[in-house]
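Let me see the structure of the following:
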Amino acid sequence: PGEDHRYLLNLAEACQQLGRQEAAARYYEHILQKFPSVPKAAGIYNNLGLAYGVLGRDADAEAAWGRALQLDPAQASAGRNRAEALFQKGDYPRALESFRALPGASGPEIQSRIAASLFQLGRDEEALGTYKKLQKSLPFDAALGEGLIYQRRESPRPAEEPLRRALALAGPAQRPRVLG
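This next block holds a predicted model:
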């Protein structure tokens, strides 16, 4: 009998979960080549993009996420993964554009990433306005972002209060999403 794409997909996903990104990428590539009209191809391209990203194949990752979004513009994971990868690479203008284009861009998690991108671009007033809107939904992000902006302005007095607030809000599992 012929190959079953579901079996190969299970193998690819298992490899990815076990950290074997090269093998996962090969399985995903094989599935997409052998079964071009496979159901949920957008999700497969998204996973392929993740594997490429871990392997340092940034251009391939971006192309895979782009293909996922072509196939399914509502593929939020691919858009978010691409935006995060651009942010991590320091391509803040494109990261900002990508975060703003995401479905649900008005939600607090994405707004925090938009504020972080604005901060990295030196657009402090826009970042500060966005962080202030996050004070109830993401108080840690809001306080830390506000404090960092005041600190960059070299005005230690205004920076002290929001940074103390951020420290008070930080729990053991809290990670500063503001800085990526």
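
Touching the lowest-mean-pLDDT helix or strand in the chain from outside, list them.
Taking mean pLDDT, DSSP states H and E as the measure, the chain has helix 156-169 as its least confident helix or strand, at a mean of 78. When contacts are defined by C-beta atoms under 8 Å, 6 or more residues apart in numbering, helix 156-169 is touched by residues Pro139, Phe140, Ala142, Ala143, Leu144, Glu146, Gly147, Leu148, Tyr150, Gln151, Arg153. No exception for glycine: its C-beta is placed from N, CA and C like everyone else's.

and what of stretch 69-84?
Applying C-beta under 8 Å, 6+ apart, the contact partners of stretch 69-84 are 41-43, 45-46, 49-50, 53, 61-62, 65-66, 68, 95, 98-99, 101-104, 110, 113.

Go again with 6 Å.
Ala41, Ala42, Asn46, Gly49, Trp65, Ala68, Ala95, Ser98, Phe99, Leu102, Pro103 (C-beta atoms under 6 Å, 6 or more residues apart in numbering).

which of these lies closest to Glu13?
Asn46 (11.8 Å; C-beta to C-beta).

Within the helices and strands, which one has that closest one?
Secondary-structure assignment from DSSP states H and E places Asn46 in helix 41-54.

what comes into contact with that helix?
So helix 41-54 is contacted by 21, 24-25, 28, 60-61, 64-65, 67-68, 71-72, 75, 77-78, 81, 85 (C-beta under 6 Å, 6+ apart).

Select only the buried ones of those in ChimeraX?
In ChimeraX, a selection of the buried entries from the contacts of helix 41-54 looks like this (16 or more other C-beta atoms under 10 Å):
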select :21,24,25,28,60,61,64,65,67,68,71,72,75,78,81,85
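
Tell me which of the contacts of helix 41-54 fall in helices.
21, 24-25, 28, 60-61, 64-65, 67-68, 71, 77-78, 81, 85 (DSSP state H).

ok, which pair from the residues you listed is furthest apart?
With C-beta to C-beta as the measure, no two of those lie farther apart than Gln21 and Leu71, at 21.9 Å.

Point out where the protein drops to low pLDDT.
Along the chain, the model assigns pLDDT under 70 to residues 1-2, 155-157, 171-180.
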